[in-house]
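My questions concern the predicted model and sequence given below.
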Amino acid sequence: MQTAAPFVPASASSIAELRDAAPACRGCELWEPATQVVFGRGDEHAKVIFVGEQPGDVEDQKGLPFVGPAGHLLRRAVDDAGLPVSDLYITNSVKHFRFERRGARRIHKTPDQQHITACHPWLVSEFAQLRPSLVVLLGATAAKAVLGPSFRVTRQRGQLMPWPASAQHPADFPSGHEAKALATIHPSAVLRADDREAAYNGLVADLRVAATALT
């Protein structure tokens with residue numbers, strides 16, 4: 001079974017150590033065609049972790065998560081929802097860009113479950129270092145990566161939930177740490193929506209629930 005576990009330093013004591021180790025990961029085949037690994041970024045004392053699906057083409061080239069069009073939209077939604085940017089950390093369920101070539105273009109391809117499972121040790125390690133109060137899951141891939149394959153964002157979005165005992169990895173957080181989860185749509189879904197205004201307002205409404213949870 002493919003897994004990043006052998007490449008995740010068990011003795012890491014900071015996000016910086018994890019980030020330094022990530023480029024050597026060969027836990028699945030996605031590392032080879034990708035330009036580089038795209039690890040999480042943000043405050044190492046963040047109260048909120050945003051978890052997306054995977055880096056896109058722009059992120060793959062720059063080596064930073066959420067710096068493309070979806071990332072710019074997310075930043076605006078975060079501001080409109082009243083979430084403090086200084087308290088945020090943002091990452092992805094899968095750390096390499098999965099794509100297919102069409103001529104000179106690289107077209108996003110949704111990661112398979114095997115890629116999500118293989119990369120999950122990195123996400124677990126980020127959770128363990130950060131110990132946030134809230135994990136915001138952006139889109140179906142991220143939600144299923146953490147909450148399990150039966151979770152449906154369309155049915156349960158915008159709901160503040162206690163960290164479930166049925167999470168993919170119950171040991172995501174050290175014993176005694178309490179966190180909450182909230183799932184919403186991925187900002188790229190807003191960009192694809194027929195009614196972008198309605199989709200954007202829905203995203204902001206969900207993020208306001210997250211902002212309220214921090215007060």
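That came in fine, so what should we check first?

can you give me the strands in the protein?
Assigned by DSSP state E, the strands in the chain fall at 41-42, 48-52, 88-92, 99-102, 105-108, 134-138, 161-162, 180-184.

Nearest residue to the residue most central in space within the chain in space, please, no chain neighbours.
Computing the C-alpha centroid of the chain and ranking residues by CA atoms, centre = their mean puts residue 51 first, at 1.9 Å. Distances taken as CB to CB, 6 or more residues apart in numbering put residue 142 closest to residue 51, at 4.4 Å, once the chain neighbours are dropped. Every C-beta, even on glycine, is put in place using the N, C-alpha and C of the backbone.

and the gap between the residue nearest to the centre of the chain and residue 102?
28 Å (CB to CB, to the nearest Å).

hang on, the earlier thing: and the strands of the chain, which one averages the lowest pLDDT?
Among the strands of the chain, strand 161-162 carries the lowest mean pLDDT, a mean of 86.

any low-confidence regions in this structure?
Scanning the chain for pLDDT under 70 picks out 164-177.

Try it again at 80.
163-178, 215 (pLDDT under 80).

Show me the helices in it, by range?
Ranges of helices in the chain, per DSSP state H, are 15-21, 57-62, 69-81, 113-130, 140-147, 153-156, 187-192, 196-213.

among these, which is the most enclosed?
Among the helices of the chain, helix 140-147 has the highest mean neighbour count (mean count of other CB atoms under 10 Å), at a mean of 24.

elements contacting it?
Helix 140-147 is packed against strand 48-52, helix 113-130, strand 134-138, strand 180-184, with contacts defined by 3 or more CB pairs under 8 Å, 6 or more residues apart in numbering; DSSP states H and E.

quick check, distance from that helix to the centre of its chain.
Averaging C-alpha positions (CA atoms, centre = their mean, to the nearest Å) puts helix 140-147 9 Å from its chain's average.

okay, that helix in CSV with CA atoms only?
This file holds the C-alpha atoms of helix 140-147, laid out as CSV (Å, rounded to 0.1, in the frame of the first residue of the first chain):
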residue,chain,number,x,y,z
ALA,A,140,-15.6,16.8,-0.7
THR,A,141,-12.0,15.5,-1.0
ALA,A,142,-10.8,17.2,2.2
ALA,A,143,-14.0,16.3,4.1
LYS,A,144,-13.8,12.6,3.2
ALA,A,145,-10.0,12.5,3.9
VAL,A,146,-10.7,13.5,7.5
LEU,A,147,-14.3,12.5,8.2
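
Also compute the angle for that helix relative to strand 88-92, please.
100 degrees (axes from the mean of the first three to the mean of the last three CA atoms, to 10 degrees).

what does helix 140-147 contact?
For helix 140-147, contacts defined as CB atoms under 8 Å, 6 or more residues apart in numbering pick out 51-54, 92-94, 110-111, 116, 120, 123, 135, 137, 151-153, 164, 166-168, 172, 181, 183, 186.

Mind doing that once more with 6 Å?
For helix 140-147, contacts defined as CB atoms under 6 Å, 6 or more residues apart in numbering pick out 51-53, 93, 116, 137, 151, 153, 167-168, 183.

ditto for stretch 130-139
So stretch 130-139 is contacted by 46-53, 89, 143, 146, 177, 180-183, 186, 210, 213 (CB under 6 Å, 6+ apart).
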